[in-house]
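K.L.:
please find the sequence and the predicted model below.
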Amino acid sequence: MIQKRLKKLLTLKKADSKKVAGAPQPGVIRVLTYNIHHGRGIDGRYDLSRIARAIAAETPHIVALQEIERFRQRSRREDQPRVLAALLKMHYCFASVRDHRHSDQHEGAAYGNAILSKFPIRSTSHFDLTVAGAREPRGCLHALIETPWGPLHVFCVHLGLRYGERAQQMAMLTSEKILKNPRLTPAPAILLGDFNNWWPVRTAKRIQEHFRDACHVTGKKRLRTFGQPVTVLALDYIYATHDIEIVSCYVANSSLARRASDHRPLVSDLKLTSYLAARKRT
């Protein structure tokens, strides 16, 4: 099954390939964040291979995924993180945010976040961002990734829909438990995911004390990633610490990306400048 999908993945339509960005430059890490809507596209069709092709078209090194599932009935009982990692030839980690063992009658049924990486994943951890009275649980998945230019901390998040909920979650993110945790921050870090921040909360400014918004750094006011047939809301973001050079940031606009999910992938090219500078000195 996966082998057949892999052949399909490698055979991108010419119409799609003309619309995607070129491969990242040497020394540049390309990161991508994508809410995959459990593999169901705007046409109502479930197609995980289409998600994989949309990702592959952008040639990323690191991918943060939200609304990804394991063994759920509505997604054909597929272990989506494992399948996507196999199709894309990447390492992966997954963190469950909602347990669906009883509702889907499968011991491993779950819904959550995942990180895929072309580079080895050294360690992982998960942080509960659920707040009292929230409509559903939320979380932040952390992975320490060993890149050719040194270690990189990756935080994949999916925040709540309500203003007050997001305000509390932003505060939790910027606490000493997560982003300011000394155990997790001796290396460059990126924070990316679906922030659902269509109406920005004041606590979002706390993130910008230590991180830079890839969209703003590259001269764009906002990059809209949600809404069909026209994208109207900027819900997905990529942040990087100050020791990372932000080269570019854009929304994937291939026909695949426009159909595969109700969100579009947000992509950024990054350089780990502190490590590159240290190597030059030696």
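P.N.:
Cool, got the structure.

K.L.:
which residues touch the residue nearest to residue 43 when sequence neighbours are not counted?
P.N.:
For residue 43, the nearest residue in space outside its immediate sequence neighbours is residue 259; the separation is 6.3 Å by Cβ to Cβ, 6 or more residues apart in numbering. Bear in mind the C-beta positions are built from the backbone N, C-alpha and C, glycine included. When the contact criterion is Cβ atoms under 8 Å, 6 or more residues apart in numbering, the partners of residue 259 are 41, 42, 43, 50.

K.L.:
just checking, the first one touches residue 47?
P.N.:
Yes: using Cβ atoms under 8 Å, residue 41 is in contact with residue 47, at 6.3 Å.

K.L.:
which one's more surrounded, these two?
P.N.:
A count of neighbours by other Cβ atoms under 10 Å puts residue 41 above the other of residue 41 and residue 47, at 20 against 15.

K.L.:
quick check: which element contains the residue nearest to residue 43?
P.N.:
Assigning secondary structure by DSSP states H and E places residue 259 in helix 255-260.

K.L.:
do the same with residue 67
P.N.:
Using DSSP H and E, residue 67 sits within strand 62-70.

K.L.:
only the C-alpha atoms, please, for that strand, written as PDB.
P.N.:
Below are the C-alpha coordinates for strand 62-70, written out as PDB (Å, rounded to 0.1, in the frame of the first residue of the first chain):
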ATOM      1  CA  ILE A  62      11.100  19.700   9.000                       C
ATOM      2  CA  VAL A  63       7.300  19.500   9.100                       C
ATOM      3  CA  ALA A  64       4.900  20.300  11.900                       C
ATOM      4  CA  LEU A  65       1.400  18.800  11.500                       C
ATOM      5  CA  GLN A  66      -1.800  19.500  13.300                       C
ATOM      6  CA  GLU A  67      -5.100  17.500  13.300                       C
ATOM      7  CA  ILE A  68      -3.300  14.300  12.500                       C
ATOM      8  CA  GLU A  69      -4.700  11.000  13.600                       C
ATOM      9  CA  ARG A  70      -4.000   7.300  14.400                       C
END
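
K.L.:
sorry, back to before: now the common contact residues for residue 41 and residue 47.
P.N.:
Common neighbours of residue 41 and residue 47, counting by Cβ under 8 Å, 6+ apart, are residue 260.

K.L.:
how about the residue nearest the centre of the chain, nearest residue that isn't a chain neighbour?
P.N.:
What sits nearest the mean C-alpha location of the chain, by Cα atoms, centre = their mean, is residue 64, with 2.2 Å. Among residues not flanking residue 64 along the chain, residue 156 sits closest, at 3.8 Å (Cβ to Cβ, 6+ apart).

K.L.:
now the helix holding residue 259: buried residues?
P.N.:
256, 257, 258, 259, 260 (16 or more other Cβ atoms under 10 Å).

K.L.:
what helices and strands are in contact with the following helix or strand past the strand holding residue 67?
P.N.:
Next along the chain after strand 62-70, taking DSSP H and E as the criterion, comes helix 80-88. In terms of contacts (3 or more Cβ pairs under 8 Å, 6 or more residues apart in numbering; DSSP states H and E), helix 80-88 is packed against helix 2-10, helix 48-56, strand 62-70, strand 91-99, strand 110-117.

K.L.:
now the third one: mean pLDDT?
P.N.:
Per-residue confidence for strand 62-70 averages out to 96 on the pLDDT scale.

K.L.:
who are the packing partners of it?
P.N.:
strand 29-35, helix 80-88, strand 91-99, strand 110-117, strand 150-158, strand 189-194.

K.L.:
how about the contacts of residue 259 in TSV, adding secondary structure?
P.N.:
As requested, these are exported to TSV (DSSP: H, G, I helix; E, B strand; the rest coil):
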residue	secondary structure
41	coil
42	coil
43	coil
50	helix
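
K.L.:
ends of stretch 35-52, how far apart?
P.N.:
End-to-end distance for stretch 35-52, by Cα to Cα, to the nearest Å: 12 Å.

K.L.:
list the buried residues in that stretch.
P.N.:
Of the residues in stretch 35-52, 35, 36, 37, 38, 39, 40, 41, 48, 49, 50, 51, 52 count as buried by neighbour count, 16+ other Cβ under 10 Å.
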